[in-house]
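>>> Dropping a prediction and its sequence here:
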Amino acid sequence: MLKEEKYYFVYIATNHPRYTVLYTGITNNIFERQKQHEYKINKNSFTARYNINRVVHYETYNESIVAIGREKQIKSWSRQRKERLIDKYNPEWKDMIEESLK
């Protein structure tokens, strides 16, 4: 029996159009998580309160433990360092989920 391969996504999302808040998270379904943020499924969550609705960076991993380590690493960074990471791969800060569906 073949083992189904899982993917884990570490992502940085922000509030469009102001970009005043950066949120770092982890999920095994980046498309579903984007919808949850966009539609504010959990009305009392941090992402709902700050209108986090645009994924501007994500990385994919095959092992959850590696993804969790990366999420913790990014969370520990300064805002400036997170912005440099986003700028390196997405200088226009486009919505990466929306772009991937085109």
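Thanks, I have it.

>>> give me phi/psi at the closest residue to Arg70 other than its chain neighbours?
Once flanking residues are discounted, Arg70 sits nearest to Val10: 4.8 Å by Cβ to Cβ, 6 or more residues apart in numbering. Just so you know, the C-beta spots here come from the backbone N, C-alpha and C atoms, and that holds for glycine as well. When read as degrees, to the nearest 10, the backbone of Val10 gives phi -100, psi 130.

>>> Could you do Ile52 as well?
phi -70, psi 110.

>>> you'd agree it is up against Ala13?
Yes: using Cβ atoms under 8 Å, Ile52 makes contact with Ala13 at a distance of 4.8 Å.

>>> Give me the contact list for the lengthiest helix in the chain.
Ranked by number of residues, the top helix in the chain under DSSP state H is helix 64-76. Residues from elsewhere that reach helix 64-76 (Cβ atoms under 8 Å, 6 or more residues apart in numbering): 6, 8-10, 12, 24-26, 28, 59, 61, 82, 85.

>>> What subset of those is buried?
The neighbour count (16 or more other Cβ atoms under 10 Å) marks 8-10, 12, 24-26, 59, 61, 82 as buried among the contacts of helix 64-76.

>>> Distance to Ser100 for these - can I get that in JSON lines?
Shown next, in JSON lines, are the buried ones among the contacts of helix 64-76 (distance: Cβ to Cβ, whole Å):
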{"residue": "Tyr8", "distance to Ser100": "16"}
{"residue": "Phe9", "distance to Ser100": "11"}
{"residue": "Val10", "distance to Ser100": "16"}
{"residue": "Ile12", "distance to Ser100": "15"}
{"residue": "Thr24", "distance to Ser100": "19"}
{"residue": "Gly25", "distance to Ser100": "17"}
{"residue": "Ile26", "distance to Ser100": "18"}
{"residue": "Glu59", "distance to Ser100": "13"}
{"residue": "Tyr61", "distance to Ser100": "17"}
{"residue": "Lys82", "distance to Ser100": "20"}
